[in-house]
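Trainee: Need coordinates for the following:
(chains A, B and C)
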Amino acid sequence: MSKRLWIIVGLVVVVALAGFASLKFFGGSDEKDTLTVAIIRDPDTLDTQRTTWVDAANDIMYDTLVRQDLNTGEIIPGLATSWKLSDDGLTWTFQLRKGVTFHNGEPFNAHAVKATFDRMRDPKTASPVTYMLGDFIESIEVVDEYTVNLNYSKPFPSLLNSGASTGFLAIYPPKYLAEKGNDFGLHPIGTGPVKFVEHVRGSHILYERFEDYAWAPDYAQNKGPLNFKYLEMRIIPDESTAVMELERGNVDLLYSVPPQDVERLAQKGFQITKAPANGITYWGFNVKKWPFTEKAVRTALAKAVDREEIVEYALEGLGEPNYGPLPSSIWGYSEEIEARAKQLYGYDPEGAKAILAADGWVDTDGDGVVEKDGKPLEFKLWVRNFPVEQRISQIIQSSAAKIGAKVNIEIVEDAAYRSGMANGAQDTILWEYGWFDPEILGNMFKTGVSTRTWYSSPELDELIDAGATEVDREKRKQIYYDIQNNLVDFAPWVPLYFKQNVFAVNPEVKNFEMHQYRWEQLVLNDVML
Amino acid sequence: MLKYLIRRIISAIPVLLGVSVIVFLMIHLIPGDPVQHILGEFASPERVTELRNQLGLNDPLPIQYFKFLGKAIKGDLGRSLISNAPVVDEITRAFPVTIQLAIYSIIVSSVIGLVAGIIAAVRHNTFWDQLAMIGALFGISTPSFWLALIFMMVFAYNLGWFPISGYSGLASLVLPTAVLAALSAGSIARITRSSMLEVLGQDYIRTARAKGLDEETVVMKHSLKNAMIPVVTLVGLQFGALLAGAIITETVFALPGIGRLAVQAITTRDFPMIQGVTLFVATLFVLTNLIVDLMYGIIDPRIRLQ
Amino acid sequence: MKAEAKWWYNLPLVTSLSNPDSYLRMTLKSFKRNRSAMTGLVLLALLVLSAIFAPKLAPYDPIEIDFANRLAPPSSEHWFGTNEFGRDIFSMILYGGRISIMIGLVAVSFALVCGVILGVLAGYFPKIDNLIMRFTDVWLAFPTFLLAIAIIAILGPGLTNAMIAVGISATPQYIRVVRGAVLSVREQEYIAAARSIGAKNGRIILHHILPNVVAPIIVLSTLQFGTAILSAAGLSFLGLGIQPPTPEWGAMAYASRSYIRQAWWMGVFPGFAILLMVLGFNLLGDGLRDILDPRMKQ
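Mentor: Down below sits the predicted model:
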């Protein structure tokens, strides 16, 4: 019997060793040579043309035509050294930087730009973000080796703000791209300061310094390769685990620190940097569904919300209440409109109750919920599975209860959420929008495109179209002013706040600066370990 | 012996087919349009229809199923809707983590469980018996996430003895193994004890004792082998379950194994991945049970002859 | 699991419903003497009663927000501390008990009804036996928790769906157990005797077979109650089950993760509550099994 036992034990040991051997250990990097960043989302793909979410995890290996200055927000040269818009507004011309190569040795030039954008527009790519190039793009033209034209049928003035500096319009190497097609994302190649090594789903993405990197945007001192060898992005989906890893020194940089840990980390000596988000979080109503068809209900619900409370307790003070359609970090923001919105929809529970009462809402059965025509003011709030949003939803629930409205919270996962919204199945939602240009309001509220609130207004649509193609800055500003007024009047949603994005960095990491306008971009050029 | 083997293997096939049917059907019951999810909400209706065609979602259901089955047998489980990587690749990458965890956990829990169970049986109705059984009871009643969080906080965060999360070699598997072993050792101990008690009460044991054989021989030589049958079954079942990926433990410790892959696939409605992972896991489960049954046949000849 | 499941073969046979009295009295006596069962019963009684009387026992409203006292450690005012909204954890746990019990009840009842029907059919009618057993084998080929999660993926998160998901994943156990019990009885002489008299199948099932199935069902259900609670808590912990602000124990543990460093009490107490309740069910179930299985009386 013991012989058999030994055989079994032997088998088990062999299997265990086989298991050991078959695994690739993360190896070869010395602590000092690796910058470890904790990220919460595993990007679906590193091919930025085929995703709807871009941040440092999937765009750090690329460069874009232009960049934004860290502190002033001005558009500065990237892969393009200069640009100009034709007088009729229909053609953008970019002069490209010379002497840049891709990680695989291919040269960067106008052909690369053309190949990249053509591929994005190719239906086979099924890119969900072609609108970054502009809906009215006609063609991309190679004028000479370092000059490229983007030709439009209608003006697209926000190209610089929106597309040209985001990872969605990263430039790809033409030959390699043609070879790989839609498999490009499995081993992507770009011109950025790091090159891709491996992506182990659910675990990490590993990048390595690109030794031939020979330039940098104006805000960086170091015009050459990075000062450290490896960049490891560890995927840690649970925010509090990520904080623990930071505290233990296993992670150097934490992207998006949960608000309740900021104070503690600061006291422990970690570098804390903040940047205001370029968007707002809001409580959206499906205005096609009763009772949100009624202005009185929307107004009362807006007035029931205490934004200070939300910022204080869900965000631990890391944010600011916002009453109007745009936060102060987006061009087009108007203090006047913000003040007007605050006056109309600021926190006023007594006023809210009065409005409901005047509209015929009475609590006939004494259960704390008001009714009208026999129907109670009860509805669902869809919220995603994020801790901060869940806290906010509970605060909203409690505030709404105080004016007689019953909110039922439903946690909905991403996929079901999106298709639900596409079908108008939602009552109310907790969501956010943001961008570098006020045209985001068009994406949110234009008829046919807006599935968040299903708001539809022909006047607004006209204004949105005008704003998207108006080249004159002053005129454009006026158009967006009108757009915002339209939204404030109708109030299809309740803007809540804009948050502070917070990074926490290990004190041993030097020269790290957070991008005040593109918080999701990691600026690593000057960083030293 | 061979006949028994063949018979058992053949009877596993309809089960596997049944599993594939259910996995296939499951996808079509899930609300949330996969195409919408890939393309985002700003996609044009033409794109949606196009992608739908590309993914073969317009064929009638039976045809879709046969295509699915055909490809699966060849080892092609499709591509992830999210990452476009082949599902098989993702599974192959996640599996080594899970299998390591499974092997270490089952070894530790078996050793603890067996030892505890044997001692409890041999020292029946004494303090040791009570202690072992109470420990086992706590083991099977504890929620895994609770134990996982406590271990993580105490040993990884506060004391710093082990990595907090992620897979970085053997050290990062110690705490998850401890959690899993603590939970499964309990049932192994209980089965071992009850099985041993049953065997120890048998006539032939009394005969052995009457013959004057010392207690150790009685226990180790004569009782253990026969008592092992139900224990082996349980260990096999638990191993199979562990191969499914200890979902909660993998989540708490952020280990990139099969369990986490499954949860991620489900929350992102990544259909091919859900199908692939479930099919893979269920197949493993069936195979593990098959192996356990075959070992049954080796250990206990009576079963072969049924 | 196969060996552990065979214990029902040895349960005393109840020959018919017409003479259950002495059997019942005998069982009750053994029950009182069995320490495991009594401990389990007492523990459960405490937990169940505290859940039922939660409104009277809870010092605070579990849903009421009180920001001034948020994240307070355990003290004389808040025995188990408060959470990020200032809600009293002790009160939340008391109310949470109701939800756990309800989940267990619904899930187990679901599995029981389906399991008994299918199990009896399989055991009594050999023709459908094969079909039902293949079906059950396929069912059992899916790891339990994964099956529950997959069902949640189909139905969506929420309390009701969690109960259904857990119930569905628990059913195949019942089918196996019931079928086994039916099989062991079916060949008995008195069944053949009853049939020869001309008794219809339905009557036979009702009067002779079902009583013998009762004992294993009771034991299985008690143990499954505990498993159901663990599964449901697991689902909530992954964010797939109960919605806030419902104070379900698993959901409380899930929410506690964000504050685990500054407020350990938010997660430790709910987890411990789960442990106690499941422990109670396991103790009771073990005891019942001992009582109803004469061979273990040594």
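Trainee: which bits of the stretch 351-500 of chain A sit near chain B?
Mentor: Counting by CB under 8 Å from any CB of the partner chain, the residues of the stretch 351-500 of chain A close to chain B are A:385, A:413-416, A:418-422, A:443, A:449, A:451. Backbone N, C-alpha and C define where each C-beta goes, glycine included.
Trainee: pLDDT check: weakest of those?
Mentor: Across these, the member with the lowest pLDDT is residue A:415, scoring 70.
Trainee: Pretty sure that residue sits against residue B:266.
Mentor: No: at 9.5 Å, residue A:415 and residue B:266 do not qualify as touching, with contact defined as CB atoms under 8 Å.
Trainee: longest single strand anywhere in chain A?
Mentor: Across chain A, the longest stretch assigned as strand under DSSP state E is strand A:493-505.
Trainee: helices or strands next to that strand in the packing?
Mentor: Where contact means 3 or more CB pairs under 8 Å, 6 or more residues apart in numbering or on different chains; DSSP states H and E, strand A:493-505 is packed against strand A:253-255, helix A:259-267, strand A:271-276, strand A:279-285, helix A:295-304, strand A:319-321.
Trainee: The longest one close to chain C?
Mentor: No: using CB under 8 Å from any CB, helix A:295-304 stays clear of chain C, coming no nearer than 14.1 Å.
Trainee: Quick check: residue B:255 vs chain A, distance?
Mentor: 8 Å (CB to the nearest CB, to the nearest Å).
Trainee: How many residues are close by that residue?
Mentor: 26 (other CB atoms under 10 Å in any protein chain shown).
Trainee: repeat for residue A:175
Mentor: 14.
Trainee: list the contacts for it?
Mentor: residue A:106 (CB atoms under 8 Å, 6 or more residues apart in numbering or on different chains).
Trainee: For the lengthiest helix in chain B, name the packing helices and strands.
Mentor: Criterion DSSP state H: the longest helix present in chain B is helix B:87-122. For helix B:87-122, the helices and strands in contact under the criterion 3+ CB pairs under 8 Å, 6+ apart are helix A:2-22, helix B:127-141, helix B:171-200, helix B:224-243, helix B:247-252, helix B:258-267, helix B:271-299.
Trainee: And those: which comes nearest chain C?
Mentor: Ranking those by proximity to chain C (CB to the nearest CB) places helix B:224-243 first, at 2.7 Å.
Trainee: Residue C:235 reaches residue C:165, doesn't it?
Mentor: Yes: using CB under 8 Å, residue C:235 is in contact with residue C:165, at 7.0 Å.
Trainee: hey, what's in contact with both of those two?
Mentor: Listed as contacting both residue C:235 and residue C:165 by CB under 8 Å, 6+ apart are C:148, C:149, C:152.
Trainee: Now intersect the residues you listed with the helices, please.
Mentor: Reading helices off these with DSSP H, I get C:148, C:149, C:152.
Trainee: Looking at those, state which has the most neighbours.
Mentor: Going by other CB under 10 Å, residue C:148 tops these with 29 neighbours.
Trainee: distance of it from residue C:154?
Mentor: As judged by CB to CB, to the nearest Å, residue C:148 and residue C:154 stand 11 Å apart.
Trainee: quick one: low-confidence parts of the stretch 1-150 of chain B?
Mentor: B:1, B:27, B:30-44, B:47, B:51, B:54-56 (pLDDT under 70).
Trainee: Run through the residues that contact residue B:180.
Mentor: Residue B:180 is in contact with B:101, B:105, B:109, B:144, B:242, B:246, B:249, counting by CB under 8 Å, 6+ apart.
Trainee: do that again at 6 Å, thanks
Mentor: B:105, B:246, B:249 (CB atoms under 6 Å, 6 or more residues apart in numbering or on different chains).
Trainee: Name the member of those with the most neighbours.
Mentor: residue B:246 (31 neighbours).
Trainee: Just the pLDDT at the nearest residue to residue A:452 once chain neighbours are set aside, thanks.
Mentor: Using CB to CB, 6 or more residues apart in numbering or on different chains and skipping the chain neighbours, the partner closest in space to residue A:452 is residue A:284 (5.1 Å). Residue A:284 carries a pLDDT value of 94.
Trainee: next one: phi and psi at the closest residue to chain B within the stretch 51-200 of chain A?
Mentor: Closest to chain B within the stretch 51-200 of chain A is residue A:128: 3.7 Å, counting by CB to the nearest CB. Phi and psi for residue A:128, reported as degrees, to the nearest 10, are phi -80, psi 0.
Trainee: Does it touch residue A:51 like I think?
Mentor: No: counting by CB atoms under 6 Å, residue A:128 stays clear of residue A:51, with 7.5 Å between them.
Trainee: Name the SS class of residue 161, please.
Mentor: Looking at chain A here, since you left the chain open. Following DSSP: H, G, I helix; E, B strand; the rest coil, we place residue A:161 in the coil state.
Trainee: think we crossed wires, I meant chain B
Mentor: coil.
Trainee: Would you check how far apart the nearest residue to it once chain neighbours are set aside and residue A:234 are?
Mentor: Nearest in space to residue B:161, with sequence neighbours left out and distances taken as CB to CB, 6+ apart, is residue B:155 at 5.2 Å. Separation of residue B:155 from residue A:234 (CB to CB) stands at 20 Å.
Trainee: returning to what we had before: next one: the longest strand of chain A to chain centre, how far?
Mentor: Distance, stretch centre to chain centre, for strand A:493-505: 12 Å (CA atoms, centre = their mean, to the nearest Å).
Trainee: Same check on stretch B:155-167?
Mentor: Averaging C-alpha positions (CA atoms, centre = their mean) puts stretch B:155-167 25 Å from its chain's average.
Trainee: Next: stretch A:357-374.
Mentor: Chain-centre distance of stretch A:357-374: 40 Å, with CA atoms, centre = their mean.
Trainee: How about that stretch, which residues are buried there?
Mentor: A:357, A:359, A:361, A:369, A:370, A:371, A:372 (16 or more other CB atoms under 10 Å in any protein chain shown).
Trainee: neighbour count winner among residue B:155 and residue A:234?
Mentor: Between residue B:155 and residue A:234, counted using other CB under 10 Å, the more crowded position is residue A:234 (21 against 16).
Trainee: residue contacts, that one?
Mentor: So residue A:234 contacts A:36, A:38, A:204 (CB under 6 Å, 6+ apart).
Trainee: doesn't the first one fall inside a helix?
Mentor: No: checked against three-state DSSP, residue A:36 lies outside a helix; its state is strand.
Trainee: and stretch A:259-266, what's its mean pLDDT?
Mentor: Across stretch A:259-266, the average pLDDT comes to 90.
Trainee: Relative to residue A:297, how far out is the closest residue to residue A:293 other than its chain neighbours?
Mentor: Spatial nearest neighbour of residue A:293, chain neighbours left out: residue A:287 (6.3 Å); criterion: CB to CB, 6+ apart. Distance of residue A:287 to residue A:297, computed by CB to CB: 10 Å.
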